[in-house]
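>>> A predicted structure for the sequence below; I have some questions about it.
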2 protein chains.
Amino acid sequence: MSQTPLVPVFAALGDETRWSILAALGGGDASASTLAGRLPVTRQAIAKHLAVLQDVGLVEPVRVGREVRYRVLGARLTATARDLDRVGAEWEQRLAEIKRIAEGL
Amino acid sequence: MSQTPLVPVFAALGDETRWSILAALGGGDASASTLAGRLPVTRQAIAKHLAVLQDVGLVEPVRVGREVRYRVLGARLTATARDLDRVGAEWEQRLAEIKRIAEGL
DNA sequence: AATTAATGCAACTGTGGGGTTGCAGTAATC
DNA sequence: GATTACTGCAACCCCACAGTTGCATTAATT
């Protein structure tokens, strides 16, 4: 599942401002304008970041009246974590085998 | 352990070329020059990528004769996966509580 | 309908980073 | 010691992207 390639997800998570946005969304859903009041960046900059986060499925827009609030999708984070763990486990196993061979077992 | 902040790790993992380097290292440790023979990029470009990967602890240099081979550290991958999973779990829990409250339970 | 307050779009700037070429340094091999 | 083959460093190009300002749009509120 999650046919979305993970490299873009990592790219999205590789920016401090984006994390501060995610952190700010931790206190409940919020709009770009609201977030602009809490962070030291422009509303438009935040809007761009939210677009990036939405593109990789880390965040979801919710229309409330005339504003668009965003909600963090923890599921994508845990899913990405699972994928990453799989990759890491493969390499650890591979290294273990190499070590075994090197020790002549 | 591993007090290394994870944002730079994600930034490092947010590049396709870097993943292809990691993939190429899957067949055993290799030097920048060797990798340059397998990938469509210059040796110097690969060297920079390896520096980035090394800075965040995803890769480790090993001197062999006159060359410097690199080895993937799967441990850092799994560690990062664990951190990411923790964050994701927090958000999922928070969302669950909000949903409960919204449903008036 | 007029006002108010939100979003959306566009153009522009600046910097960081991926990529290159070229050459100097350094360590094995003969 | 000369040669060979690898690494290291520096300068440079180019583009994507974070960030800005400014204005048009759209949707509630009164």
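Structure received. Just so it is clear, the model here is predicted, and its values are computed rather than measured.

>>> the longest helix along chain A versus helix B:74-102: what angle between them?
As assigned by DSSP state H, the longest helix anywhere in chain A is helix A:74-102. With axes from the mean of the first three to the mean of the last three CA atoms, to 10 degrees applied, the angle from helix A:74-102 to helix B:74-102 works out at 160 degrees.

>>> can you name every helix or strand that helix A:74-102 contacts?
Counting by 3 or more CB pairs under 8 Å, 6 or more residues apart in numbering or on different chains; DSSP states H and E, the packing neighbours recorded for helix A:74-102 are helix A:6-13, strand B:67-72, helix B:74-102. Quick note: C-beta positions are derived from backbone N, CA and C, even for glycine.

>>> list the buried residues for it?
For helix A:74-102, burial by neighbour count (16 or more other CB atoms under 10 Å in any protein chain shown) applies to A:74, A:76-81, A:84-85, A:87-88, A:91-92, A:95.

>>> let me have these in a markdown table, extended by distance to DNA strand D.
Output for the buried residues of helix A:74-102, formatted as a markdown table (distance: CB to the nearest atom of the strand, whole Å):
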| residue | distance to DNA strand D |
| --- | --- |
| A:Gly74 | 22 |
| A:Arg76 | 18 |
| A:Leu77 | 18 |
| A:Thr78 | 23 |
| A:Ala79 | 22 |
| A:Thr80 | 17 |
| A:Ala81 | 21 |
| A:Leu84 | 20 |
| A:Asp85 | 25 |
| A:Val87 | 22 |
| A:Gly88 | 25 |
| A:Trp91 | 21 |
| A:Glu92 | 25 |
| A:Leu95 | 20 |
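
>>> which one of these sits closest to A:Leu50?
Relative to A:Leu50, the closest of those is A:Arg76; by CB to CB it sits at 14.3 Å.

>>> so A:Ala32 touches A:Thr42, yeah?
No - between A:Ala32 and A:Thr42 there is no contact under CB atoms under 8 Å: 9.5 Å.

>>> ok, these two, which is more surrounded?
Neighbour totals were compared for A:Ala32 and A:Thr42, and A:Ala32 leads with 22 against 11 (other CB atoms under 10 Å in any protein chain shown).

>>> mind checking how far that one is from chain B?
Distance, A:Ala32 to chain B, by CB to the nearest CB, to the nearest Å: 19 Å.

>>> for that residue, give its distance to DNA strand C.
5 Å (CB to the nearest atom of the strand, to the nearest Å).
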